[in-house]
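1. coordinates only, sequence not included:
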């Protein structure tokens, strides 16, 4: 009886030990889970403690649980540093606002330290840089992200490599909604530009061109603008972006900013190119001997179609007796060509009218300045021969920009642009124009 009582007592002690051992981890586990809270609550606490506003997408933050005991709510920098290192989120801090982005997603709620390499390869930076791009508008310059209107921009890098003195070739294919056509292929002819089609029926269809803040008059030859002196082109395409110009901007506005001086040592640039122009769609024409064969076949077919008793071998007299018209007779001047006699006139009219035409341009640029004064000078000479013999085009242009900061509130500047054009076209003679 004593042994039985002792056995029961020992068994009870062992069971109590096992129950205690199984119960303690459950208590600890419950305590650990109670310290992990949604990251959105962490942002709310940090915002109250540090007087900071947090901006984030609720769906991106869903499922992220944070160990609340490891967050230092008195220091915003330390708290964000811990969250960035331990979880799949990143921060952009601007003054008293914090923008939160989720870098990578995980199927569980553990710290995502394994995704630190993905954080380093974040591809959001190029997009942010793009929306911070500065563009010209009617009121001055603004960041692209602050503009609701439709604007296309062409920078200096996009304009390089185009061996042409035509302004239309500079912007063709580089901006959406812009149509550039060349109705006249003669050297120096002005291109036709349409911004999103024709906006008005009575006020013309050409867009307004503004160079360094000065609008050009209607009908100005766009080729008078030297592409090498342009630093940037912004095209205002809708009513919201071009509203400041009123009815003049109904067909769009093209804002051109020429090269300006910049702080630093004097920079001297010499750019020159030379090329040959040829007609790309040259058709193959028959010579005089083959043309004589085609003319004879045409007259023979016409002659045979008018009667059953006619033959190709009929001579001129026989054809007349059978009532042939003049269009059914073989002219005497075709006989030498049909007999392939050498030394006859055989003119290649393509080679007579057209030619390989050279084009060359040389541009000289000087820029520089100090803390207060800056300068920029651009001089260019274009010489273009037309592929039609007798058509030539020359352009001399200079552009000078000077600016000085008299004080923090006062700045003065001088912008001077001069162009001298001379051209020769068959049937029109020689023309000169100075702008």
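-> Happy to help now that I have it. Values in this document were obtained by computation on a predicted structure and should not be read as measured data.
2. can you count the residues close to residue 238?
-> 16 (other C-beta atoms under 10 Å). C-beta here means a position set from N, CA and C on the backbone, and glycine is covered the same way.
3. Could you measure from it over to residue 253?
-> Per C-beta to C-beta, to the nearest Å, residue 238 is found 10 Å from residue 253.
4. what do you get for residue 409?
-> Residue 409 is 29 Å from residue 253, by C-beta to C-beta.
5. So the two - more neighbours on which side?
-> For the pair residue 409 and residue 253, the greater number of neighbours falls to residue 253 (26 against 6), based on other C-beta under 10 Å.
6. Which residues are in contact with that one?
-> With contacts defined as C-beta atoms under 8 Å, 6 or more residues apart in numbering, the neighbours of residue 253 are 138, 195, 207-208, 210, 235-236, 241-242, 245.
7. Apply 6 Å and report the result again.
-> Going by C-beta atoms under 6 Å, 6 or more residues apart in numbering, residue 253 touches 208, 236, 242, 245.
8. Can you give me the buried ones in stretch 60-76?
-> Residues of stretch 60-76 classed as buried by neighbour count (16 or more other C-beta atoms under 10 Å): 60-61, 64-66, 71, 76.
9. actually stretch 328-347, not the one I wrote
-> Of all the residues in stretch 328-347, those buried under the rule 16+ other C-beta under 10 Å are 328-330, 334, 337.
10. Pull up the distance across it, start to finish.
-> 26 Å (C-alpha to C-alpha, to the nearest Å).
11. Would you mind measuring from residue 326 to residue 66?
-> Residue 326 is 102 Å from residue 66, by C-beta to C-beta.
12. so residue 69 sits in a helix?
-> Yes - membership of residue 69 in a helix is supported by DSSP: H, G, I helix; E, B strand; the rest coil.
13. Numbering from 153 from now on, please.
-> Sure, I'll start numbering at 153, so the last one becomes residue 221.
14. For residue 231, see how far away it is.
-> Distance from residue 221 to residue 231, by C-beta to C-beta: 13 Å.
15. do the same with residue 216
-> Computed as C-beta to C-beta, the residue 216 to residue 231 distance reads 14 Å.
16. Show me where the protein has its helices.
-> 154-186, 191-202, 210-213, 228-238, 268-272, 277-283, 308-311, 319-323, 440-456, 468-473, 487-490, 501-505 (DSSP state H).
17. quick one: which of these has the weakest pLDDT on average?
-> Mean pLDDT across the helices of the chain is lowest at helix 268-272; the value there is a mean of 37.
18. hmm, back to that, from the buried residues of stretch 480-499, pick the one nearest residue 508.
-> Distances from residue 508 to the buried residues of stretch 480-499, taken as C-beta to C-beta, are shortest for residue 489 (29.9 Å).
19. Isn't that closest one up against residue 442?
-> No - with contact defined as C-beta atoms under 6 Å, residue 489 does not count as touching residue 442 (8.9 Å).
20. What segments of the stretch 353-502 of the chain are strands?
-> 360-363, 366-367, 382-388, 405-410, 416-429 (DSSP state E, counting those that start in this stretch).
21. Put together a markdown table for those, with distance to residue 547 on each row.
-> Output for the strands of the stretch 353-502 of the chain, formatted as a markdown table (distance: least, C-beta to C-beta, whole Å):
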| stretch | distance to residue 547 |
| --- | --- |
| strand 360-363 | 16 |
| strand 366-367 | 20 |
| strand 382-388 | 15 |
| strand 405-410 | 16 |
| strand 416-429 | 15 |
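22. how about a markdown table for the ones you listed, with mean pLDDT and distance to residue 522 added?
-> Below are these laid out as a markdown table (pLDDT from 0 to 100; distance: least, C-beta to C-beta, whole Å):
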| stretch | mean pLDDT | distance to residue 522 |
| --- | --- | --- |
| strand 360-363 | 87 | 26 |
| strand 366-367 | 86 | 26 |
| strand 382-388 | 87 | 20 |
| strand 405-410 | 88 | 20 |
| strand 416-429 | 90 | 9 |
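23. Distance check, residue 562 against residue 527.
-> Distance from residue 562 to residue 527, by C-beta to C-beta: 18 Å.
24. When the two are compared, which one has more neighbours?
-> residue 527 (19 against 8).
25. List the buried residues for stretch 502-509?
-> If you call a residue buried by 16+ other C-beta under 10 Å, then stretch 502-509 has these buried ones: 506-507, 509.
26. What residues does the spatially most central residue of the chain make contact with?
-> The chain has residue 326 as the residue nearest its centroid, 4.0 Å off, counting by C-alpha atoms, centre = their mean. By C-beta under 6 Å, 6+ apart, the residues touching residue 326 are 306, 310.
27. Backbone torsions only: list them for it.
-> Per-residue torsions, residue 326: phi -110, psi 0 (degrees, to the nearest 10).
28. Now do the same for it: its pLDDT.
-> 83.
29. Pull up the gap between it and residue 399, please.
-> 27 Å.
30. now swap in residue 430 and tell me
-> Residue 430 is 44 Å from residue 399, by C-beta to C-beta.
31. who wins for neighbours among the contacts of residue 405?
-> For these, neighbours tallied by other C-beta under 10 Å; top is residue 388, 29 neighbours.
32. Make sure that one is actually in contact with residue 395.
-> No - Residue 388 is beyond contact range of residue 395, at 9.1 Å (criterion: C-beta under 6 Å).
33. what residues are up against residue 556?
-> By C-beta under 6 Å, 6+ apart, the neighbours of residue 556 are 524-525, 564.
34. In those, which residue is surrounded by the most others?
-> Going by other C-beta under 10 Å, residue 525 tops those with 14 neighbours.
35. Not counting its neighbours along the chain, what's nearest that one?
-> Using C-beta to C-beta, 6 or more residues apart in numbering and skipping residues adjacent in sequence, the residue nearest residue 525 is residue 556, 4.6 Å away.
36. before we move on, what about residue 462?
-> Counting by C-beta to C-beta, 6+ apart, the residue nearest residue 462 is residue 456, at 5.4 Å.
37. Was I right to think residue 541 contacts residue 509?
-> No - assessed by C-beta under 6 Å, residue 541 is found out of contact with residue 509, at 8.9 Å.
38. ok, residue 385 - contacts?
-> 306, 408.
39. ok, it to residue 357 distance?
-> Taken as C-beta to C-beta, the span from residue 385 to residue 357 is 20 Å.
40. Also residue 206?
-> 51 Å.
41. same question, residue 461
-> For residue 461, the distance to residue 357 - C-beta to C-beta - is 64 Å.
42. what does residue 480 give?
-> 52 Å.
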